[in-house]
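# Mind folding the following:
(chains A and B)
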Amino acid sequence: MTATTIETQPQPAGAGSPLLEVDSLALQLPVDGEYRPILRGVSFTLAAGEALGLVGESGSGKSMTVRAIDRILPPRARLEGTIRFDGQTVADLSGAALKKYRGEVAMVFQDPRAHINPVRRVGDFMTEVLRTNLGVKPKAAAERAVEMLARVGIPDGARRLDQYPHELSGGLLQRVMIASALLTEPRLLLADEPTTALDVTTQAEIMAILDDLRRDFQLAVLFITHDLDLASAVCNRTAVMYAGEIVEVRQSSLLHTDPLHPYTSALGAARPDISESAHRLQAIAGRPLSALEAPPDACAFAARCQHHEDVCDSSHPDLVAIDGGLTRCVRADDLRGRLGVSHD
Amino acid sequence: MTEPSHTTPSSGAPSDAVLAVRNLRKDFGEVTAVDDVSFTVPRGGSLGIVGESGSGKTTVAKMIVGLERPTSGEIYAAGHDRSKPARGGAERRRRGREVQIVFQDPYSSLDPRQPIAAMLDEVLRLHHEMSQADRRARVVELIDLVGLDERQGQALPRALSGGQRQRAAIARALAAQPEVIILDESVAALDVSIQAQILNLLADVRDDVGVSFVLISHDLAVVRQLTEEVVVMRNGRIVESGTTTSVLDDPQEAYTKRLRASVPGPGWSIDQVREAASLATD
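This next block holds a predicted model:
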């Protein structure tokens, strides 16, 4: 194995210590009266101005990771490990410090309609935090909302503030959600499948807006998606999750040509290619496992892996550094340079 | 299909087409959801209908299966006119043997109280004169064809995963032995690894039983995988049509170009997104 340290990930120029540090996060939830694992040893860092993709299929734990960071876990959740934001341990925050944290960490969800009150006007929704938490006067709050709407490509903001959510299209409403998330001047944006419910042209617009905002505000963006192609297009680095743990962290531009984990490679190959027809896709056998189904003493992906060998069933692999990225595969050394995605 | 044809004869069923739609229109009050849509699907061929929300693609699918009544225009499936509501049960059942549909959400399109095998048996009883023993054998065959095992065949939908439910929905469509299956975003809600399995299954089914597909989808890569011909819809109208390869590799219309450029893929970058977002749409 070439690299030996964990901190080999490229950081954007000028970045000091990471804004967000997630260290050995383990989450358990009660399932049928018994605590079962949901997240297993999730660690990553995110710097100001950086976009990190968190990619995985259903049950991989990507959304729970974000909920843990946002401190919106279900009741009775058991959380181990540490989340540090700007050097402070998030679990210790309370009172004014917690309120400040909530202002500095904003979240955008997949379905904007599920997160906005349908009987209140857009302006009322957008300015609420400014008015009630930060004591901004209504008129000034509305002006800031209009300003922010312009930043996300809504030029007639004043008119939009008077409208109700049902009068706005899905794409427009998601822009409103992003604009309101940014009104408290957050430093970290958690985006949980923000474009999954949108049309592909609208998705492109929203992603371009998020990218602009990241640059302009030096915003750290944690972008959750099931779409490996989308993550690799818009994020500096991408972390791939499977069965409640991170199995690969890689510079996004290398995810297709030189992935480090067989799951990443298989995921890339399973997607139909828009520029090439194939008679059959390279499907991955079986279905994605959740953490609570995963064997504790083996590789969780082993049963579906085409590079599977006996060694994969006998020990649980660690996340190791190799070729400038991280991978959780005991065969990582053998497979170096052999996992590039081809649709042939 | 070569052109979204205004050139086909104005009445009668084209003999080589398993499905033909001509000058189809649907108004909802003041709004025209589908406007002058024409296409044909050759026997054994597959057509993709691509478009975004509000393009009218799902309304076209609903009119073909009889869930919406066209304001005007003609729909022929297997040589039979189906632009008017069916007269009586026999005609409705015949239409069911011509065209079946698989929806996006297998959670809501299966009866939660009926095991998969019983559901398939019911379809067979409705559509085919078969002995109980023949039906039982056919149910086993269908369950096997879509890659479910015997235990899953006896299970209720809630005991199955999303991918398994979609397999069951495909088996139900196949049970009627239709000539056309409409796939309305049928793989859109599935995980990538499961989506690939279902797409392969659909390709196999087509090779095995020669059924035609009409794939309604916003996902251009999925359309490429499963269809030979494609129509691109926008605001209720067809804006471009042709072979799937030519439309995706060399789109002519600004809107198709924009759609194509918006799809992320290897080598795609945020700058391409910007370009796609700023491309003129009209």
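
# What ranges in the chain fall below the confidence cut-off?
Defaulting to chain A. Scanning chain A for pLDDT under 70 picks out A:1-16, A:343-344.

# was after chain B, sorry
For chain B, the stretches flagged by pLDDT under 70 are B:1-15, B:266-267, B:270, B:273-274, B:276-282.

# quick one: stretch B:221-231 near chain A?
Yes - counting by Cβ under 8 Å from any Cβ of the partner chain, contacts between stretch B:221-231 and chain A involve B:221-222, B:224-225. Where C-beta positions appear, they are placed from N, C-alpha and C, glycine not excepted.

# Tell me which residues touch residue A:43, please.
A:22-25, A:81, A:246, A:319 (Cβ atoms under 8 Å, 6 or more residues apart in numbering or on different chains).

# Which of the residues you listed fall in strands?
Under the assignment DSSP state E, those contribute A:22-25, A:81, A:246 to strands.

# Not counting sequence-adjacent ones, nearest residue to residue 237?
No chain was given, so I picked chain A. Using Cβ to Cβ, 6 or more residues apart in numbering or on different chains and skipping the chain neighbours, the partner closest in space to residue A:237 is residue A:52 (5.3 Å).

# The chain in question should be chain B.
Per Cβ to Cβ, 6+ apart, closest to residue B:237 is residue B:35, 4.9 Å.

# Following element in sequence after whatever helix or strand that neighbour lives in, please.
Taking DSSP states H and E as the definition, residue B:35 sits inside strand B:31-42. For strand B:31-42, the following helix or strand on the C-terminal side (DSSP H and E) is strand B:46-50.

# tell me what the helix or strand following that next one is packed against?
Once strand B:46-50 ends, the next helix or strand along the chain (criterion: DSSP H and E) is helix B:57-65. Contact here means 3 or more Cβ pairs under 8 Å, 6 or more residues apart in numbering or on different chains; DSSP states H and E; on that basis helix B:57-65 packs against strand B:17-28, strand B:31-42, strand B:46-50, strand B:72-77, strand B:99-102, strand B:180-184, strand B:212-217.

# out of those strands, deepest packed?
strand B:46-50 (a mean of 27; mean count of other Cβ atoms under 10 Å in any protein chain shown).

# Alpha carbons only: can I get it in CSV?
C-alpha atoms of strand B:46-50 as CSV (Å, rounded to 0.1, in the frame of the first residue of the first chain):
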residue,chain,number,x,y,z
SER,B,46,-39.9,0.1,-28.6
LEU,B,47,-40.6,3.8,-28.3
GLY,B,48,-39.5,6.3,-25.7
ILE,B,49,-41.6,9.3,-24.8
VAL,B,50,-39.3,11.8,-23.2
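
# hmm, who's touching it?
With Cβ under 8 Å, 6+ apart, strand B:46-50 has contacts from B:1, B:19, B:39, B:41, B:57, B:60-61, B:206, B:212-218, B:220, B:223, B:226-233, B:244, B:259.

# Report the angle between the longest helix belonging to chain B and strand B:180-184.
Ranked by residue count, the top helix of chain B under DSSP state H comes out as helix B:192-209. Calculated by axes from the mean of the first three to the mean of the last three Cα atoms, to 10 degrees, helix B:192-209 forms an angle of 170 degrees with strand B:180-184.

# Would stretch B:24-34 count as contacting chain A?
No - judged by Cβ under 8 Å from any Cβ, stretch B:24-34 and chain A are separated, with a smallest distance of 15.0 Å.

# And that stretch, end to end?
For stretch B:24-34, the first-to-last residue distance is 7 Å (Cα to Cα, to the nearest Å).

# what does stretch B:103-117 give?
Chord length of stretch B:103-117, first to last residue, is 19 Å (Cα to Cα).

# Tell me how far that stretch lies from the chain's centre.
Centroid separation for stretch B:103-117 versus its chain: 18 Å, with Cα atoms, centre = their mean, to the nearest Å.

# so what's the backbone phi/psi at the residue nearest to residue A:237?
Main-chain dihedrals, residue A:52, degrees, to the nearest 10: phi -110, psi 130.

# Show the contacting residues for it.
So residue A:52 contacts A:44, A:46, A:220-223, A:235-239 (Cβ under 8 Å, 6+ apart).
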